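Fold the following.
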Amino acid sequence: MAWAIRRVGLSILLIWIAASIVFLAIRLVPGDPAELLMAQGGAPADPGAVAALHTQLGLDRPMAAQYVDSFRRLLHGDLGESLQDGTPVAGEIMRRLPRTLELIGTAAAIALLIGVPAGLAAALRRGGAFDRASSAVSTLGLATPIFVIGTLIVLIFAQLLRWVPAGGYVPLAQAPLRHFGLLLMPACAIAFGLASTMFRMTRTAVLDVSQRDYVRTARAKGVARRRVLIHHVLRNALMPVVTVLALQLGTLLGGTVLVEYVFNYPGLSGMLVDAVNARDYPEVEGIVLVISILFVTLNLAVDLLYAALDPRVRQG
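Predicted coordinates for the structure are as follows:
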């Protein structure tokens, strides 16, 4: 219990550090959000109007005062309002976040269903035809940029075969089949590289664990091959796989920009890019804070899973 409390406390500290870094970083980036807002349409911004907008948005206050006010609002669950249109940041994030989570979750499920069994089969048939072929495909998946994969998927399935539209988003309640059709293409684009990573990690981990002394001892005692594989090899080989998956998912939370752009998918990453370009401080801080919380939560879940799989972790 004490170990779990320490991990939760450390996670909260990491979230605070991440939010503080973002607060300082976006204010050090060149560009004035007030000038960007007032200069829309190409006309030069009026200095008086810019100064008035500074006061209205609180940008003329000392940075320390802005920092304290920002975290005071965060403690009350208030992420502020967008500098662009005045809409509540929390509401827009909550509208887009489920879409990104659904996209990443679907991609992860596809990657696991393909990568882990393929990696296990390749390790059990090391040096065989399947091992060589699957390793070549995984190398291709790791080497090909995600926007190239996405473009090829659109070209083949939307332009040539015309099985699905080229992109977009439809709510699940409005049209379930169309919803999953539009979701599957960007999910597969993400899953291709992710499955390659899962394949490599599973294959390497299974080969490594298979050479451990306790596995050899179990085999020497005549334990059934299936039991050795499940209870001794897979149980220990999946730990590094889970770690890499959690790190990859955390990275994808803010890294699906290219996929969302290629498939015109209105997720959280696209919102983050627009907010950075507009120097929309509340939106950037709110999005990064949500991503940080999810990333830290994923890592905390992995630590707890490690502790469940290996009790020695709790002694660290």
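
And the residue nearest to E283 when sequence neighbours are not counted, which helix or strand is it part of?
Nearest in space to E283, with sequence neighbours left out and distances taken as CB to CB, 6 or more residues apart in numbering, is A275 at 3.6 Å. In short, each C-beta sits where N, CA and C put it, glycine included. Per DSSP states H and E, A275 falls inside helix 268-277.

Show me what that helix is packed up against.
helix 89-124, helix 235-255, helix 257-262, helix 281-309 (3 or more CB pairs under 8 Å, 6 or more residues apart in numbering; DSSP states H and E).

follow-up on the earlier one: I figured the residue nearest to E283 was touching I287, is that so?
Yes - counting by CB atoms under 8 Å, I287 is a contact partner of A275 at 6.5 Å.

Which one's more surrounded, the two?
Using other CB atoms under 10 Å as the criterion, A275 and I287 rank with I287 on top: 27 against 24.

between the helices and strands packed on helix 268-277, which one is nearest to R227?
Closest to R227 of these is helix 235-255 (CB to CB; 11.1 Å).

Just the buried residues of the closest one, please?
By 16 or more other CB atoms under 10 Å, the buried positions in helix 235-255 come out as 236-239, 241, 243-246, 248-250, 252-254.

picking that back up, can you give me the angle the helix holding A275 makes with helix 89-124?
For helix 268-277 against helix 89-124, the angle by axes from the mean of the first three to the mean of the last three CA atoms, to 10 degrees is 130 degrees.

Any idea how far helix 268-277 is from the middle of the chain?
Chain-centre distance of helix 268-277: 15 Å, with CA atoms, centre = their mean, to the nearest Å.

repeat for stretch 226-241
Per CA atoms, centre = their mean, the centroid offset for stretch 226-241 relative to its chain is 26 Å.

end-to-end on that stretch?
In terms of CA to CA, to the nearest Å, the two terminal residues of stretch 226-241 are separated by 20 Å.

Equivalent analysis for stretch 163-176, please.
Using CA to CA, the end-to-end distance of stretch 163-176 comes out at 16 Å.

With stretch 210-226 instead?
End-to-end distance (CA to CA), stretch 210-226: 13 Å.

I'd like the domain boundaries of the protein, if you could list them.
Annotated domains of the chain cover 2-75, 96-315 [automatic domain parsing].

Lowest-scoring secondary structure element of the chain by mean pLDDT?
In the chain, no helix or strand scores lower on mean pLDDT, DSSP states H and E than helix 33-38, which sits at a mean of 67.

returning to that earlier point: looking at the domains of the chain, which is buried most?
Mean neighbours per residue, mean count of other CB atoms under 10 Å, is largest over these for domain 96-315, with a mean of 18.

can you give me how far it is from the chain middle?
Using CA atoms, centre = their mean, the offset of domain 96-315 from its chain centre is 9 Å.

Now do it, average pLDDT.
Averaging pLDDT along domain 96-315 yields 84.

returning to that earlier point: let me have the helices and strands packed on helix 268-277 in CSV, adding distance to I21 as columns.
Below are the helices and strands packed on helix 268-277 laid out as CSV (distance: least, CB to CB, whole Å):
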stretch, distance to I21
helix 89-124, 19
helix 235-255, 14
helix 257-262, 20
helix 281-309, 9
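
Which of the ones you listed sits closest to P47?
helix 281-309 (20.8 Å).
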